[in-house]
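# Sequence and predicted model, in that order:
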Amino acid sequence: MNKFFSVKDVPNIGEIVNEALALKAAPNAHEALGKHKMLGLVFLNPSLRTRMSTQKAALNLGMNVIVMNMDKDGWALETQDGVVMNGTTVEHIREAAAVMGEYCDILGLRSFPKLKDREEDYSEDLFNKFMNFCKVPVVSLESATRHPLQSLTDIITITENWSKPGKPKVVLAWAPHVKALPQAVPNSFSEWMCQAQAEGLIDFTVVHPSGYELAEEFTPGANISNNLTESLADADFVYVKNWSSYKEYGQVYPVSENWMLDNEKLALTNDAKVMHCLPVRRDLELASEILDGPNSLVVKEAGNRVWAAQVVLKRMLEELSK
Ligand SMILES: NCCC[C@H](NC(=O)CCC(=O)O)C(=O)O
Ligand SMILES: NC(=O)OP(=O)(O)O
């Protein structure tokens, strides 16, 4: 593996989940693999889980880590080509990425979408430029359209919390929010779950109010509904997440019904486990009674971020040592 950007970078989901669970059982089994290798984690936006879990994963593999909070500590970055840099930007991504590639064997990058121009965000221009110019393997720490370390974590968490016969019914359920949030987490969750469904591991439904359709490229084979009550019936896992509109890009439409998952709605499910990538706004996106109750997996899920990051870094280190 020399890039981890989307589900397409993983040939088989079942296999990578098993490898991650083996790392969870023996976290330090490969601590010689990363010796004298440097991981650079570059953040253009805030992070708690991705930052800490990816550092921990690298340390488990014997790597060294440098964290660069580009948004706070770096020079203002120019990403467009062909502009005279006589304004506020100080350094071009061509030099910045290339220099970071000089210091690091593997780089991770977090860059959120601006939610202004759909074409610009969905072109993943900044991420692609970073990958091209740094010349080392790159792990997405969440880009404009995807969050693959989160989605890999989520299928790991579903797998280890499912022991019944047959496939679990997994439901991605839109939730309310006060702000316009990216589609990266739901896009990514959906593309990973659609692939897991194609591998015969789960059954997958996406439910959202009309107007919040995800881009079709992320939902191949998904059952898509606008009816929350119907979709929750027989659900084994409910993945709660808000996102802004893709169609009317970045818009937040008023939604008349109450879409926040609470115990009353949870009672419609098959005693479903509830997941969220975090951070979560209590009693706006998801009821406290669920977060504090026995069905919530959110903290265990965040814990599993380590094994997702570790399996990706392990595969990259193995490729580098060939
Ligand atoms: N990395 C995990 C999610 C990041 C982001 N959430 C946020 O920006 C929350 C902001 C707030 O609640 O104000 C999202 O939904 O894509
Ligand atoms: N879920 C997630 O990516 O969390 P952070 O934004 O805190 O890294």
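That came through fine. Note that the coordinates shown come from a computational prediction; the quantities given were computed from them, not determined experimentally. Ligands and ions are numbered 1, 2, ... in the order given.
# Let me see the mean pLDDT of stretch 264-283.
Stretch 264-283 shows a mean pLDDT of 98.
# First-to-last residue distance for it?
Terminal residues of stretch 264-283 are spaced 14 Å apart (CA to CA, to the nearest Å).
# Tell me the spacing between the one residue in the stretch 1-150 of the chain that gets nearest to ligand 1 and Pro148.
Proximity of the stretch 1-150 of the chain to ligand 1 (CB to the nearest ligand atom) peaks at Glu142, 5.2 Å away. All C-beta spots, glycine's among them, are computed from the backbone N, C-alpha and C. Here the criterion is CB to CB, to the nearest Å. By it, Glu142 lies 8 Å from Pro148.
# how does this structure divide into domains?
As assigned by automatic domain parsing, the chain contains the domains 3-146+305-320, 162-296.
# May I see those organised as a markdown table, with distance to Asp154 and mean neighbour count added?
Listed next are the domains of the chain as a markdown table, based on distance: least, CB to CB, whole Å; neighbours: other CB atoms under 10 Å:
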| stretch | distance to Asp154 | mean neighbour count |
| --- | --- | --- |
| domain 3-146+305-320 | 9 | 18 |
| domain 162-296 | 6 | 18 |
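# that older thread, thought the residue of the stretch 1-150 of the chain closest to ligand 1 was touching Gln150?
Yes: Glu142 is within contact range of Gln150, at 7.1 Å (criterion: CB atoms under 8 Å).
# who are the neighbours in contact with the residue of the stretch 1-150 of the chain closest to ligand 1?
Asn45, Ser47, Thr50, Arg110, Ser111, Phe112, Leu149, Gln150, Ala184, Val185 (CB atoms under 8 Å, 6 or more residues apart in numbering).
# now those in JSON lines, with secondary structure, distance to Lys37 and pLDDT?
Output for the contacts of Glu142, formatted as JSON lines (DSSP: H, G, I helix; E, B strand; the rest coil; distance: CB to CB, whole Å; pLDDT from 0 to 100):
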{"residue": "Asn45", "secondary structure": "coil", "distance to Lys37": "25", "pLDDT": "97"}
{"residue": "Ser47", "secondary structure": "coil", "distance to Lys37": "22", "pLDDT": "98"}
{"residue": "Thr50", "secondary structure": "helix", "distance to Lys37": "19", "pLDDT": "98"}
{"residue": "Arg110", "secondary structure": "strand", "distance to Lys37": "20", "pLDDT": "98"}
{"residue": "Ser111", "secondary structure": "coil", "distance to Lys37": "23", "pLDDT": "97"}
{"residue": "Phe112", "secondary structure": "coil", "distance to Lys37": "28", "pLDDT": "98"}
{"residue": "Leu149", "secondary structure": "helix", "distance to Lys37": "19", "pLDDT": "99"}
{"residue": "Gln150", "secondary structure": "helix", "distance to Lys37": "24", "pLDDT": "99"}
{"residue": "Ala184", "secondary structure": "helix", "distance to Lys37": "28", "pLDDT": "99"}
{"residue": "Val185", "secondary structure": "helix", "distance to Lys37": "29", "pLDDT": "99"}
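# filter the residues you listed by proximity to ligand 2?
Here is what survives when those are matched to ligand 2 using CB under 6 Å from any ligand atom: Ser47, Thr50, Gln150.
# Surely the second one touches Arg305?
Yes: at 7.0 Å, Thr50 counts as touching Arg305 under the criterion of CB under 8 Å.
# what residues are shared contacts of these two?
Joint contacts of Thr50 and Arg305 (CB under 8 Å, 6+ apart) are Leu149, Gln150.
# what's the following helix or strand after the lowest-mean-pLDDT helix or strand in the chain?
Lowest on mean pLDDT, DSSP states H and E among the helices and strands of the chain sits helix 70-73, with a mean of 93. Downstream of helix 70-73, the next assigned helix or strand under DSSP states H and E is strand 77-78.
# So which bits of this protein are right by ligand 1?
Residues of the chain lying near ligand 1 (CB under 6 Å from any ligand atom): Glu142, Lys179, Leu181, Pro182, Ala184, Val185, Cys277, Pro279, Arg281.
# Arg110: what's it in contact with?
Going by CB under 8 Å, 6+ apart, Arg110 touches Leu41, Val42, Phe43, Leu44, Asn45, Ser47, Thr50, Ser140, Leu141, Glu142, Ser143.
# Alright, that wraps it up for me.
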